[in-house]
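Enquirer: sharing a sequence plus its predicted fold:
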Amino acid sequence: MPIVAQSTETADWVSRFADDVIEESERRAPGKPVVVASGLSPSGPIHLGNLREVMTPHLVADEIRRRGYRVRHLISWDDYDRYRKVPAGVTGIDESWAEHIGKPLTSVPAPKGSEHPNWAEHFKAAMVASLAELGVEFDGISQTEQYTSGVYREQILHAMKHRGDIDAILAQYRTKPKAAKKQQKPVDEAELEAEEGSGAASEDDGSSGSAGYFPYKPYCGNCEKDLTTVTAYDDDSTELTYACTACGFSETVRLSEFNRGKLVWKVDWPMRWAYEGVIFEPSGVDHSSPGSSFQVGGQIVGIFGGEQPIGPMYAFVGISGMAKMSSSRGGVPTPADALKIMEPQLLRWLYARRRPNQSFKIAFDQEIQRLYDEWDKLAAKVDDGLALPGDVAAHTRAVGTAAGELPKTPRPLPYRTLASVADITAGHQDQALRILSELDPANPLGSLDEARPRYDRAEAWINSHVPADQRTIVREQPDTDLLKSLDEPSQQSIRLLLDGLEDHWSLDGLTHLVYGVPKVRAGFSADATPKELPPEIKTAQRSFFALLYHLLVGRDTGPRLPTLLLAVGQERVRALLGE
């Protein structure tokens, strides 16, 4: 893999962050691996917005590895978080799962039919598989394991000892009303919901009753829920008494031996920064506003002897044609959903080419064809040495990592062509191979495997995201009534096309032919450029194309005509066009 140069005035955002992270790491922990971090809550399907939480530090970590440094990319699985609500649209669950609200995610049963032992592992597994396909190297940390094994015991006792200092920091923000947001432009409901995040940012920051403030939340020893209140704590003996408001259970334990609880979120996060020595960790908008977790954590981390990481805020990731992604809703697009219809390289590129604070959309509709066209044009420019430095960097980061290139399609034929072929052939692979082999007769495709996995992705997109009424069904019989009604100019156009089929039977040849027929009919050369032609030629082309679509598939539009003609086959084209 080519090494991306260190940052210059034209460097991409990844290189600039890598510069800053390396410098900061050498200041804080010289000679030690650079630590970057992500946090994911497996409270439901981990969607494409959550993926930015991973891809942003991954890209920075990978750039640092390319420069020869040792790096650890930590992914903290927040599987010891409370189960907040029953997400809609998850197969195998119903409202009876509401009885588990308040329990740790690892204590909630997995959806019915799952092979995994609990709720958290079920949703974690799909993300782990997707990250492997995307080439993301990471060290996973289960917060359930960390807390229940006593790894954080000293940090918990330290937080309880300094609870007054923590409370004073939090108090600076509790009474401050949130400033009204000034909208520079209309914001749709999707963008407003995007600011809500996972819900962790809005959770309480610790109990503050008659016994004082406590930054620790036990899970009940009877019902396992976190609907508990600490009623007493002794610093010397570490004896802690709590009562559960859900079931009425109460007990006194020694916190120096007790492992069934966790620090509240706004204390837990900065504790981990200090414990792991995190240098870089991005966060969503819900964690980045005034008084939110990241800002408050920047002060609390000092209590644990650490420093706040470099932490850019990342913006909304949307889906073209769909509402804002939310784990509480059904049909939430996940990385696995995206990887069914696009290659990992394209998905990596979408995250690499935009700065973290720039929002973007991932296409599950017709826009995916344009994105693939853009990607293929970039690849050609890179190969020819004509791409801009920032585009070269984004392309390099997309096609592979410091460990090497990701598996790729040997013959990356245009996605829109593959989609059209998959649409027309309706799963008949021998027909698909025949058509694809005729795209370039001088260099025919020897096997469909040469076009995979891109062909499989295009076929999956056609089958799962194109409505039935937009699928292409070739006529079984000629439209004799339409053929009989054609005027002389239309008949001449059809004849010119039929006469040229045999000599132009390739993708490029048929493209030249179908665009050339209206030019020749009007007395111009088939090679005439748009600048050499009057405007009415475009109108004539559109009319001719609409006629061909009606005769072949009974609609005004369809797949690109050259691809459609190849798919239908010469003999059948001639029959449907009345020869």
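Expert: Received, thanks.
Enquirer: residue 361 belongs to a helix, doesn't it?
Expert: No: going by DSSP: H, G, I helix; E, B strand; the rest coil, the assignment for residue 361 is strand, not a helix.
Enquirer: ranges for the helices of the stretch 151-300 of the chain?
Expert: Secondary structure of the stretch 151-300 of the chain by DSSP state H, counting those that start in this stretch: the helices cover 153-161, 163-174, 189-194, 265-276, 293-300.
Enquirer: equivalent analysis for the stretch 351-500 of the chain, please.
Expert: 367-384, 389-399, 415-425, 429-437, 454-465, 480-485, 488-500.
Enquirer: any idea how far apart the tips of stretch 232-250 sit?
Expert: Using CA to CA, to the nearest Å, the end-to-end distance of stretch 232-250 comes to 11 Å.
Enquirer: pull out the buried residues from that stretch.
Expert: 233, 238, 240, 241, 242, 243, 244 (16 or more other CB atoms under 10 Å). Every residue, glycine included, has its C-beta placed from N, CA and C.
Enquirer: any chance of those residues in CSV, plus distance to residue 277?
Expert: As requested, those are exported to CSV (distance: CB to CB, whole Å):
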residue, distance to residue 277
233, 29
238, 26
240, 29
241, 34
242, 32
243, 37
244, 36
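Enquirer: what's the most distant pair in those residues?
Expert: 238 and 244 (20.0 Å; CB to CB).
Enquirer: for residue 80, see how far away residue 97 is.
Expert: In this view, residue 97 and residue 80 are 18 Å apart by CB to CB, to the nearest Å.
Enquirer: which one's more surrounded, these two?
Expert: residue 80 (25 against 18; other CB atoms under 10 Å).
Enquirer: ok, now which ones touch the more buried one?
Expert: Shown in contact with residue 80 (CB atoms under 8 Å, 6 or more residues apart in numbering): 104, 105, 106, 142, 143, 144, 146, 147, 148, 262.
Enquirer: if I look at it, how far off is residue 356?
Expert: With CB to CB as the criterion, residue 80 and residue 356 are 27 Å apart.
Enquirer: and for residue 20?
Expert: Counting by CB to CB - residue 20 and residue 356 are separated by 13 Å.
Enquirer: more neighbours, the two?
Expert: The neighbour comparison of residue 20 against residue 356 (other CB under 10 Å) goes to residue 356, with 21 against 16.
Enquirer: what's the burial count for the closest residue to the more buried one other than its chain neighbours?
Expert: Nearest residue to residue 356, sequence neighbours excluded (CB to CB, 6 or more residues apart in numbering): residue 314, at 4.1 Å. Counted with other CB under 10 Å, residues neighbouring residue 314 total 24.
Enquirer: assess the claim that residue 314 and residue 52 are in contact.
Expert: Yes: Residue 314 lies in contact with residue 52 (CB atoms under 8 Å); the separation is 4.9 Å.
Enquirer: what do the two both touch?
Expert: With CB under 8 Å, 6+ apart as the test, residue 314 and residue 52 both reach 282, 284, 356.
Enquirer: in strands only, show me those residues.
Expert: The strands in this structure, assigned by DSSP state E, contain residue 284 from the shared contacts of residue 314 and residue 52.
Enquirer: pipe the shared contacts of residue 314 and residue 52 into TSV and attach distance to residue 454 per row.
Expert: Supplementary listing: the shared contacts of residue 314 and residue 52 in TSV, determined by distance: CB to CB, whole Å:
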residue	distance to residue 454
282	31
284	32
356	28
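Enquirer: which one of the shared contacts of residue 314 and residue 52 is nearest to residue 266?
Expert: residue 284 (15.1 Å).
Enquirer: so who does the closest one touch?
Expert: So residue 284 contacts 49, 52, 53, 197, 313, 314 (CB under 8 Å, 6+ apart).
Enquirer: what is the least confident helix or strand in this structure?
Expert: Between all helices and strands in the chain, the lowest mean by mean pLDDT, DSSP states H and E belongs to helix 189-194, at a mean of 37.
Enquirer: the strand or helix carrying residue 539 to helix 415-425, inter-axis angle?
Expert: Here residue 539 sits within helix 536-553, counting by DSSP states H and E. Counting by axes from the mean of the first three to the mean of the last three CA atoms, to 10 degrees, helix 536-553 points 30 degrees away from the direction of helix 415-425.
Enquirer: what's in contact with helix 536-553?
Expert: Here helix 536-553 has contacts from 472-475, 478-479, 482-483, 486, 490, 493-494, 497, 514-515, 517-519, 521-522, 524, 530, 555-558, 561, 564-565, 568, 573, 576-578, using CB under 8 Å, 6+ apart.
Enquirer: can you tell me which of those residues are buried?
Expert: 472, 474, 478-479, 490, 493-494, 497, 514-515, 517-519, 521, 558, 561, 564-565, 568, 573, 576-578.
Enquirer: taking the contacts of residue 284 together, which two end up most distant?
Expert: Checking the contacts of residue 284 with CB to CB, the most distant pair is 49 and 313, at 13.3 Å.
Enquirer: which one of these two is surrounded by more residues?
Expert: residue 49 (25 against 15).
Enquirer: so what's the residue lying farthest from the centre of the chain up against?
Expert: Taking CA atoms, centre = their mean, the residue of the chain most remote from its mean C-alpha position is residue 488, at 53.5 Å. Applying CB under 8 Å, 6+ apart to residue 488 gives no contacts.
Enquirer: need the pLDDT of it.
Expert: We have a pLDDT of 95 for residue 488.
Enquirer: residue 382 against residue 392, yeah?
Expert: Yes: between residue 382 and residue 392 a contact is recorded at 5.7 Å, counting by CB under 8 Å.
Enquirer: run through the stretch 1-150 of the chain and note the low-pLDDT ranges.
Expert: Along the stretch 1-150 of the chain, the model assigns pLDDT under 70 to residues 1-11.
Enquirer: can you pull out the strands in it?
Expert: Remark: strands assigned in the stretch 1-150 of the chain by DSSP state E, counting those that start in this stretch are 34-40, 71-77, 139-142.
Enquirer: buried sites along the last one?
Expert: In terms of neighbour count (16+ other CB under 10 Å), strand 139-142 has its buried residues at 141, 142.
Enquirer: so which elements touch that strand?
Expert: Strand 139-142 sits against strand 71-77, with contacts defined as 3 or more CB pairs under 8 Å, 6 or more residues apart in numbering; DSSP states H and E.
Enquirer: now the strand it packs on and strand 34-40, what's the angle there?
Expert: Going by the same axes, to 10 degrees, strand 71-77 makes 20 degrees with strand 34-40.
Enquirer: tell me the strands beside strand 71-77, with direction?
Expert: Using DSSP bridges, strand 71-77 pairs in its sheet with strand 34-40 (parallel), strand 139-142 (parallel).
Enquirer: ok, residues contacting the longest one?
Expert: Counting by CB under 8 Å, 6+ apart, the neighbours of strand 34-40 from elsewhere in the structure are 21-22, 25, 29, 46, 50, 53-54, 56-58, 60-61, 64, 69-78, 124, 127, 138, 269, 272-273, 276-282, 309.
Enquirer: now the shortest one
Expert: Judged by CB under 8 Å, 6+ apart, the contacts made with strand 139-142 from elsewhere in the structure are 72, 73, 74, 75, 76, 77, 79, 80, 106, 128.
Enquirer: what stretches of this protein score poorly on pLDDT?
Expert: Using pLDDT under 70, the chain drops low at 1-11, 175-204, 207-209, 321-331.
Enquirer: so what's the residue count around residue 445?
Expert: As a burial measure, residue 445 scores 21 neighbours (other CB under 10 Å).
Enquirer: same check, this time on residue 169
Expert: Using other CB under 10 Å, residue 169 is surrounded by 19 other residues.
Enquirer: ok, the residue nearest to it when sequence neighbours are not counted to residue 173 distance?
Expert: In space, and not counting its chain neighbours, residue 169 is closest to residue 299: 4.8 Å by CB to CB, 6+ apart. Applying CB to CB, one obtains 10 Å for the distance of residue 299 from residue 173.
Enquirer: how about residue 349?
Expert: From residue 349 over to residue 173 (counting by CB to CB), the distance is 39 Å.
Enquirer: would you confirm that residue 227 contacts residue 244?
Expert: Yes: at 6.0 Å, residue 227 counts as touching residue 244 under the criterion of CB under 8 Å.
Enquirer: done for today, thanks.
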